[in-house]
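Trainee: sequence unknown, structure follows:
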């Protein structure tokens, strides 16, 4: 998904002095893979490994990131490691040798192995996985593909992604459906209370469809999807899950959600090529869901009908396989532990200041590597611009009424030195204010 206000607006990234982070080049793809294979045998619990800086230094070398910038907006889009970039380049070069043959007769069949790998990771049947271009495409397949009559209602929250809300509003203008948005005023709202509010809204508005986030993009708050899915199913309501910020971020399986529709981007936390995504549709639901682009009637029950988008580079899909291998070698539990370790380092340091407010609950299972904060008396957009202009730190400005602030999302290649430099930049504003 390209940048949008309140989710992917690039407002910040900080120039590091040479003495702080060595500007060593990334490992070549074959060396990076070999290094990760050695790291996979590293003993210790995820929590212990999360604090092993030599381990994460090697992981960082697997990326080709510019160390003259600090990218703390990995929730928007993440760089792919060298092995994934090399894989994509190789697949595109092969396709260009003889496109009509190599792309359609060789590479398209090879994509089935990637489909099976994604299904195995998500915990479902391969015939329930469509490879898409991003979460927006997958979600809009569901939002536009389920029939609605004029006057029928849909329900979502006021913290869902703007493009998905815009999708419902377009259907409202065009078809006369009704859109209801549940307000989530307190990001720290407990799971039980969140479910109760969703249930009350379902009983009040009696929607035909519900859209909810697995992770709220504004704050990184993980929502109790399974309980809301169960409540919707009891009422005969279809529910779509926006998993843009969840897949590859922390470990979970389809059974942990029990949803019928789930869409995610793979170019965020899985580190797949830009423009790759995944759509899960429960097998019994495929026939009743229209594709965005027309498909043959013979494809009515075929998950591949959602991939009918015309000529496109199949190499993007094939390179997802390298991203999945990288993800497994890194170990999802270690990855999660490291992301939380980085988050807690900056949160703990900044929250000693009484003007700092955190908009993200930090308890286990309620958030992971993303957190949102603000400084009382400092405009969030101005702070984000200052971090970029003066320090070259990239963060995401959030303008929502209930969680205005900065969304901060380091990744596995981020260093403690970068986290500390970010904290120093924010503390400078706390002490001296923004320059006039």
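Mentor: Sure thing, it's come through. In this text, all values refer to a predicted model and were calculated from it rather than measured experimentally.
Trainee: Surely residue 374 is within a helix?
Mentor: No: looking at residue 374 with DSSP: H, G, I helix; E, B strand; the rest coil, it is strand, so not inside a helix.
Trainee: and it, how far is that from residue 429?
Mentor: Here residue 374 is placed at a distance of 12 Å from residue 429 (Cβ to Cβ, to the nearest Å). To be clear about C-beta, it is placed using only N, CA and C from the backbone, and glycine gets the same treatment.
Trainee: Also residue 316?
Mentor: Distance from residue 316 to residue 429, by Cβ to Cβ: 40 Å.
Trainee: quick one, which of these two is more surrounded?
Mentor: residue 316 (21 against 18; other Cβ atoms under 10 Å).
Trainee: Assign a three-state SS to that one, would you?
Mentor: At residue 316 the chain is in helix, as set by three-state DSSP.
Trainee: And for the one 4 residues further on?
Mentor: Taking three-state DSSP as the rule, one finds residue 320 in the helix state.
Trainee: and it, what does it touch?
Mentor: By Cβ atoms under 8 Å, 6 or more residues apart in numbering, residue 320 lies in contact with 114, 117, 118, 131, 266, 270, 272, 273, 276.
Trainee: Just those residues: which are in strands?
Mentor: residue 131 (DSSP state E).
Trainee: Distance to residue 206, neighbour count and pLDDT for the contacts of residue 320 - can I get that in TSV?
Mentor: Listed next are these as TSV, based on distance: Cβ to Cβ, whole Å; neighbours: other Cβ atoms under 10 Å; pLDDT from 0 to 100:
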residue	distance to residue 206	neighbour count	pLDDT
114	40	24	98
117	40	18	98
118	35	25	98
131	35	23	98
266	35	32	98
270	37	24	98
272	39	32	98
273	42	22	98
276	37	24	98
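Trainee: Just say helix, strand or coil for the closest residue to residue 349 other than its chain neighbours.
Mentor: Nearest residue to residue 349, sequence neighbours excluded (Cβ to Cβ, 6 or more residues apart in numbering): residue 423, at 4.8 Å. With three-state DSSP as the basis, residue 423 sits in helix.
Trainee: right, and residue 423 touches residue 348 too?
Mentor: No: if you go by Cβ atoms under 8 Å, residue 423 and residue 348 don't touch, sitting 9.6 Å apart.
Trainee: where do the helices sit along the stretch 251-400 of the chain?
Mentor: For the stretch 251-400 of the chain, the helices defined by DSSP state H, counting those that start in this stretch occupy 314-330, 332-350, 380-391.
Trainee: What are the buried residues along the longest one?
Mentor: Spelled out, that is helix 332-350. 332, 334-343, 345-347, 349-350 (16 or more other Cβ atoms under 10 Å).
Trainee: The last one too?
Mentor: Within helix 380-391, the residues that qualify as buried are 380, 383, 384, 386, 387, 388, 390, 391, counting by 16+ other Cβ under 10 Å.
Trainee: Over to residue 190: give its phi and psi.
Mentor: In terms of degrees, to the nearest 10, the main-chain angles of residue 190 are phi -60, psi 160.
Trainee: What strand or helix carries residue 64?
Mentor: Assigned by DSSP states H and E, residue 64 belongs to no helix or strand.
Trainee: Can you classify residue 197 as helix, strand or coil?
Mentor: Of the three states, residue 197 takes helix under three-state DSSP.
Trainee: count of neighbours near the nearest residue in space to it that is not next to it in sequence?
Mentor: Spatial nearest neighbour of residue 197, chain neighbours left out: residue 182 (6.3 Å); criterion: Cβ to Cβ, 6+ apart. If you count neighbours by other Cβ under 10 Å, residue 182 ends up with 20.
Trainee: residue boundaries of the strands in this protein?
Mentor: Counting by DSSP E, the strands of the chain are 13-14, 70-71, 129-132, 153-157, 178-182, 209-213, 238-242, 261-265, 277-281, 356-358, 371-375, 392-394, 396-398, 405-408.
Trainee: Tell me the strands beside the second one, with direction?
Mentor: What that stands for is strand 70-71. Counting by DSSP bridges, the strands paired with strand 70-71 are strand 392-394 (parallel).
Trainee: What of the fifth one?
Mentor: Next to strand 178-182 in the sheet, as set by DSSP bridges, lie strand 153-157 (parallel).
Trainee: Go ahead and confirm residue 272 touches residue 80.
Mentor: Yes: the pair residue 272 / residue 80 is scored as a contact, 6.6 Å apart, by Cβ under 8 Å.
Trainee: anything in contact with each of these two?
Mentor: Residues touching both residue 272 and residue 80 by Cβ under 8 Å, 6+ apart: 319, 323.
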